[in-house]
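Asks: kindly return the folded structure for what I paste below:
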Amino acid sequence: MRVAVVGAGMAGLSAAVDLLDAGAEVTLIEAAPTAGGKVQTEHVDGFTIEHGPDSFVSYRPAAAELARRFGLGEQIIQVTEPRVVYLRSADRMVPLPEGMGLVLPTRLGPFVRTRLFSWPQKLRAGLDLILPRYLGDDDVAIGEFLRHRLGQAVIERLADPLIGGIYGTSIEELSLDSVLPILRSHERNSRSLILASLKSGRTTGSGGSPFRTLRGGLADLVDAVTVHLRAQPGYRERFGVAAADCSTHDGASRLRLDTGEVIESDAVILATPAPVAAGLVAGELPGAAAALRTIPHASTAVVTLGYPADAFPSPPVGHGFLDAGSGSPSSGCTISSGKWVGRAPEGSVLIRSFLPERAHALQQRADAEVFAVIEQDVADTFGVRGEPCVRRIARWDDRMPKYVVGHKHRLNAIHAALSTRPQWQLAGASYRGVGLPDVVTSGKAAAAAVLDQFGR
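Replies: From the prediction side, this is the model:
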């Protein structure tokens with residue numbers, strides 16, 4: 001059994017591992033010269049810089065399980081304690097209340113005492129305790145739903161910075177059923193979101209932060225998987241070569257590369273962003289290509305700056321902040337050297353600043369201009385004097401999928417349009433989750449579907 005896997009991000013790598021385990025022959029195709037996709041770690045002058053994601057969550061085990069399989073279990077580390085995250089609103093830095101889940105409190109006391117909201121705003125959020133159920137059968141925007149139940153202040157100061165920061169776009173367009181389906185379950189089962197969240201907090205306990213990473217950076221996982229693949233006799237790779245189109249001929253799949261080379265296989269896994277997959281299948285399945293193009297993708301950027309610690313009037317405290325309408329181009333900032341051990345040399349501070357979709361115009365400017373804007377923002381926020389000793393920018397153009405309202409219907413349409421080619425499977429962040437564990441799971445699911453087609 002021969003399988004071509006297009007895309008060597010974590011979805012494609014995970015699929016390749018499972019396929020080889022099952023005895024398949026695998027050819028991995030990647031347009032970039034190296035594997036990893038958005039998982040890219042750079043080591044420079046003692047700094048460990050993550051150009052894409054910097055962590056994964058422990059309550060979805062796929063990423064941690066993959067790391068343990070390849071000998072990295074001892075390298076999994078937790079965030080440094082105490083975990084303090086601030087919210088920047090206007091000229092104020094206010095710590096997020098302890099026990100906050102994703103926009104909902106799991107402990108009532110800290111939410112009541114927080115300075116993040118005025119008493120009228122807290123009372124408005126408290127209306128959730130008596131409001132009737134709101135949702136019907138149709139999908140809605142997260143913003144619409146939370147505004148009805150909790151009020152505008154929670155939208156502006158918690159939900160949009162937290163959830164919008166993860167997805168790089170506003171919650172006014174993000175799908176409740178595809179991004180936060182737990183909220184629908186909360187309302188259905190408990191009516192009140194707050195009561196459901198408080199109950200969840202009592203059941204699970206605080207448990208500390210769910211975020212984990214690898215001591216040497218997430219690219220260590222990419223490297224470990226790649227080393228394993230290259231040791232397998234049934235594995236081949238084509239890096240630095242883009243796939244051009246996918247077709248079928250006499251029952252076989254034919255993947256044509258932009259070099260003109262044609263790779264024949266029994267099955268194909270397209271572990272690429274949906275727009276790229278659309279281009280590959282357009283010649284043979286134009287309907288599927290059209291359906292794939294309905295999933296919008298945003299552009300984001302990560303700016304990383306390293307400073308000597310004495311550039312700060314006082315050491316920065318906590319893990320960073322989220323921005324809530326301060327007018328900054330950044331949606332937030334992580335103090336990486338405070339969040340994780342070993343991210344900066346002694347006497348240094350490492351900061352990551354995020355440019356969301358709304359800062360697209362800034363993203364397109366020259367590196368020097370972007371650095372100037374973000375360095376000024378960091379100086380205004382932390383009182384930094386002098387210039388950074390390390391500057392890096394990673395631009396992710398059209399790489400952040402937006403799960404807008406109706407996303408599940410789009411997935412159903414894509415599945416139906418591809419139903420005549422069950423030997424072609426999709427994987428990656430465009431479909432059922434953008435986190436590292438979700439992406440790993442999608443690759444494994446695509447491999448399982450292919451294997452099932454051939455009775456493996």
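Asks: three-state assignment of residue 289?
Replies: Of the three states, residue 289 takes helix according to DSSP: H, G, I helix; E, B strand; the rest coil.
Asks: run a quick neighbour tally on it.
Replies: For residue 289, the number of neighbouring residues by other CB atoms under 10 Å comes to 20. For glycine as for every other residue, the C-beta is placed from the backbone atoms N, C-alpha and C.
Asks: by mean pLDDT, flag the weakest helix or strand of the protein.
Replies: Of all the helices and strands that make up the chain, helix 165-167 has the lowest average by mean pLDDT, DSSP states H and E, namely a mean of 80.
Asks: flag every buried residue along that helix.
Replies: When neighbours are counted by 16 or more other CB atoms under 10 Å, the buried residues of helix 165-167 are found to be 165, 167.
Asks: show me the contact partners of that helix.
Replies: Helix 165-167 is contacted by residues 174, 179, 298, 322, 331, 332, 354, 356, 400, 402, 403, 434 when judged by CB atoms under 8 Å, 6 or more residues apart in numbering.
Asks: wait, residue 382 sits on residue 316?
Replies: Yes - with contact defined as CB atoms under 8 Å, residue 382 counts as touching residue 316 (5.7 Å).
Asks: name whatever forms a beta bridge with residue 395.
Replies: For residue 395, the beta-bridge partners are residue 301 (DSSP bridges).
Asks: extract the C-alpha set from stretch 225-244 and format it as CSV.
Replies: These are the backbone C-alpha positions of stretch 225-244, laid out as CSV (Å, rounded to 0.1, in the frame of the first residue of the first chain):
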residue,chain,number,x,y,z
VAL,A,225,9.4,12.4,14.5
THR,A,226,11.4,13.3,11.4
VAL,A,227,14.4,11.2,12.6
HIS,A,228,12.1,8.3,13.2
LEU,A,229,10.5,8.5,9.8
ARG,A,230,13.8,8.7,8.0
ALA,A,231,14.9,5.4,9.7
GLN,A,232,11.9,3.5,8.2
PRO,A,233,12.5,1.5,5.0
GLY,A,234,9.1,2.4,3.5
TYR,A,235,9.6,6.1,3.8
ARG,A,236,10.5,8.7,1.2
GLU,A,237,10.4,12.5,1.2
ARG,A,238,10.3,15.4,-1.2
PHE,A,239,11.1,18.6,0.7
GLY,A,240,11.4,21.9,-1.0
VAL,A,241,9.0,20.8,-3.8
ALA,A,242,5.4,21.8,-4.0
ALA,A,243,2.5,19.6,-5.1
ALA,A,244,0.7,21.0,-8.2
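Asks: what lies in contact with it?
Replies: By CB under 8 Å, 6+ apart, the residues outside stretch 225-244 that reach it are 6, 8, 13-14, 16-17, 20, 23-35, 66, 70, 255-259, 261, 263, 280.
Asks: likewise for stretch 17-25?
Replies: By CB under 8 Å, 6+ apart, the surrounding residues in contact with stretch 17-25 are 1-3, 5, 26, 66, 225, 228-229, 232, 234-236, 443-444, 447-448, 450-451, 456.
Asks: let's see 6 Å
Replies: The set of residues that contact stretch 17-25 without belonging to it, under CB atoms under 6 Å, 6 or more residues apart in numbering, is 1, 2, 3, 26, 232, 234, 444, 447, 451, 456.
Asks: next, the residue of the chain positioned farthest from its centre: phi, psi?
Replies: With distances taken as CA atoms, centre = their mean, the residue sitting farthest from the centre of the chain turns out to be residue 250, at 39.1 Å. Taking degrees, to the nearest 10, you get phi 50, psi 40 for the backbone angles of residue 250.
Asks: look up how far residue 15 lies from it.
Replies: According to CB to CB, to the nearest Å, residue 250 stands 25 Å off from residue 15.
Asks: over to residue 56?
Replies: The span separating residue 56 from residue 15 equals 18 Å under the rule CB to CB.
Asks: who has more neighbours out of these two?
Replies: Each of residue 56 and residue 15 had its neighbours counted (other CB under 10 Å), and the higher figure belongs to residue 15 (30 against 27).
Asks: pretty sure the more buried one sits against residue 6.
Replies: No - with contact defined as CB atoms under 6 Å, residue 15 and residue 6 do not form a contacting pair (10.1 Å).
Asks: quick one: the strands in the stretch 51-200 of the chain?
Replies: Applying DSSP state E, counting those that start in this stretch to the stretch 51-200 of the chain gives strands spanning 56-57, 76-78, 85-89, 92-95.
Asks: mind putting these into TSV with distance to residue 418 and mean pLDDT?
Replies: Shown next, in TSV, are the strands of the stretch 51-200 of the chain (distance: least, CB to CB, whole Å; pLDDT from 0 to 100):
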stretch	distance to residue 418	mean pLDDT
strand 56-57	28	94
strand 76-78	36	96
strand 85-89	41	87
strand 92-95	47	86
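Asks: okay if I get those strands as a markdown table plus distance to residue 209?
Replies: A markdown table is the format used below for those (distance: least, CB to CB, whole Å):
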| stretch | distance to residue 209 |
| --- | --- |
| strand 56-57 | 9 |
| strand 76-78 | 6 |
| strand 85-89 | 10 |
| strand 92-95 | 15 |
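Asks: of all those strands, which one comes closest to residue 152?
Replies: For the strands of the stretch 51-200 of the chain, proximity to residue 152 was assessed by CB to CB; strand 85-89 is nearest, at 13.4 Å.
Asks: and that closest one, what does it pack against?
Replies: In terms of contacts (3 or more CB pairs under 6 Å, 6 or more residues apart in numbering; DSSP states H and E), strand 85-89 is packed against strand 92-95, strand 320-323.
Asks: buried ones in the last one?
Replies: Which is strand 320-323. Along strand 320-323, the positions that meet the burial threshold by neighbour count (16+ other CB under 10 Å) are 320, 321, 322, 323.
Asks: same check, this time on stretch 102-110
Replies: For stretch 102-110, using 16+ other CB under 10 Å, the buried residues are 103, 104, 105, 106, 107.
Asks: could I get the pLDDT score of the residue nearest to the first one when sequence neighbours are not counted?
Replies: On the basis of CB to CB, 6 or more residues apart in numbering, the spatially nearest residue to residue 103 that is not a chain neighbour turns out to be residue 159, at 4.5 Å. Turning to residue 159, the model gives it a pLDDT of 90.
Asks: right, and residue 159 touches residue 102 too?
Replies: No - with contact defined as CB under 6 Å, residue 159 does not reach residue 102; the gap is 8.4 Å.
Asks: how about low-confidence regions in the stretch 201-350 of the chain?
Replies: Low-confidence segments of the stretch 201-350 of the chain, defined by pLDDT under 70, are located at 203-207.
Asks: if I look at the closest residue to residue 383 other than its chain neighbours, how far off is residue 319?
Replies: Excluding the flanking residues, the one nearest residue 383 by CB to CB, 6+ apart is residue 313, at 4.6 Å. Here the distance between residue 313 and residue 319 works out to 19 Å (CB to CB).
Asks: okay, the two: which has more neighbours?
Replies: Here residue 313 and residue 319 are compared on neighbour count by other CB under 10 Å; more neighbours surround residue 319, at 21 against 10.
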